[in-house]
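[1] Sharing a model that was predicted from the sequence below.
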Amino acid sequence: MATGSWHRIDIAGKPADVYDPPTAPRFGILDLHPVGLETLAHNPTFSRLFDELGLACICPHGARSWWTDRICPEFDDRLSAERHLLNNVLPVFGTRWHLRPPAIAVTGISMGGQGALRLAFRHAKVFPVAAAISAAIDFHERHGQGSPLDDMYDSKEQARQDTVILHVNPSAFPPHVFFCIDPDDVEWFRGNDRLHEKLTALGLPHTCDLTTRGGGHTWTYFNAQADRVLRFAVAGLEQVSRRLL
């Protein structure tokens, strides 16, 4: 049972769920929620691991913005979700726990999983560690179905050009990347496999699990991968901190 506590706070006029571990945290986790908008707040599996591993966590609310740098009216008429994360959310780790990049890993599930990977590949110096569960990488496939993506992108192809695979830069990349997906997760599996293929072809370091089955695109699978994801994040953050000494 977790002994830390969850709180709902306001960050620049936007809600966020924050986890304070029982002792001063070693590292921070920026976790991005899925399209269903469920954060990790009060999730017993993740909360217990935050305590065990000494992690503080912020789960900002981003509506169905797909955590991109595009304006999503459902989130904000002027501010993109990515800008909110970088300009408003990240500083809270410093003011609340004295944690600053690169002592913060970005993680996420589904929509948030692709958001975590995309954010890390776009801002590798800020987020050297990223881990994603069931990342919805090919979000462009949902363009034209009446979601906020239709307001954010003029076409399916324009959306595709903004997916994480198109943001991979072989000369500037996060050194610690992990992603996993149940092979029965039919809608999103191919995007993860394609990202693995591209990173392998470019010789970029990453760890992935595309074979473990455990419930498809469900919280049964998400929770089952929590231990692996958070331990990967901590191991990566420890390596980064040692290099800075």
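    Received it, and whenever you're ready, just let me know what you need. Numbering: from 1, shown residues only.
[2] list the buried ones in the longest helix along the chain?
    Longest helix in the chain, counting residues (DSSP state H): helix 226-244. Going by neighbour count (16 or more other C-beta atoms under 10 Å), the buried part of helix 226-244 is 226, 228, 229, 230, 232, 233, 234, 236, 237, 240. Placement of C-beta: from N, CA and C, glycine included.
[3] quick one, helices of the protein?
    Under DSSP H, the chain gives helices at 44-53, 81-84, 90-97, 111-122, 149-152, 156-160, 186-202, 219-224, 226-244.
[4] and those helices, which one's lowest on average pLDDT?
    The minimum mean pLDDT among these belongs to helix 226-244 (a mean of 94).
[5] Next, the contact list for the nearest residue to residue 127 once chain neighbours are set aside, please.
    Closest residue to residue 127 apart from its sequence neighbours, by C-beta to C-beta, 6 or more residues apart in numbering: residue 120 at 4.2 Å. Neighbouring residues of residue 120 by C-beta atoms under 8 Å, 6 or more residues apart in numbering: 106, 127, 128, 129, 130, 174, 177.
[6] how close does residue 120 get to residue 131?
    Separation of residue 120 from residue 131 (C-beta to C-beta, to the nearest Å): 9 Å.
[7] Need the overlap of contacts for the two.
    With contacts taken as C-beta under 8 Å, 6+ apart, residue 120 and residue 131 have 106, 177 as neighbours in common.
[8] Which secondary structure elements does the longest helix of the chain sit against?
    Applying 3 or more C-beta pairs under 8 Å, 6 or more residues apart in numbering; DSSP states H and E, we find helix 226-244 packed against strand 27-32, helix 44-53, strand 55-60, strand 104-109, strand 129-133, strand 176-180.
[9] quick one on the thing from earlier: going by neighbour count, which of the contacts of residue 120 comes out on top?
    Neighbour counts for those (other C-beta atoms under 10 Å) peak at residue 130, which has 32 neighbours.
[10] pretty sure that residue is in contact with residue 122, am I right?
    No. Here residue 130 does not reach residue 122: they are 10.6 Å apart, not a contact under C-beta atoms under 8 Å.
[11] circling back: please dump the buried residues of helix 226-244 into CSV; it should also carry distance to residue 164 for every row.
    Output for the buried residues of helix 226-244, formatted as CSV (distance: C-beta to C-beta, whole Å):
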residue, distance to residue 164
226, 21
228, 20
229, 17
230, 21
232, 18
233, 18
234, 23
236, 18
237, 21
240, 21
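[12] Check those residues against residue 66 and report the nearest one.
    Among those, residue 229 lies closest to residue 66 (C-beta to C-beta), at 20.0 Å.
[13] thought that closest one was touching residue 181?
    No. Contact criterion C-beta under 8 Å: residue 229 and residue 181 do not qualify, at 12.0 Å.
[14] Residues that sit against both of the two, list them.
    Taking C-beta under 8 Å, 6+ apart as the contact rule, residue 229 and residue 181 both touch residue 133.
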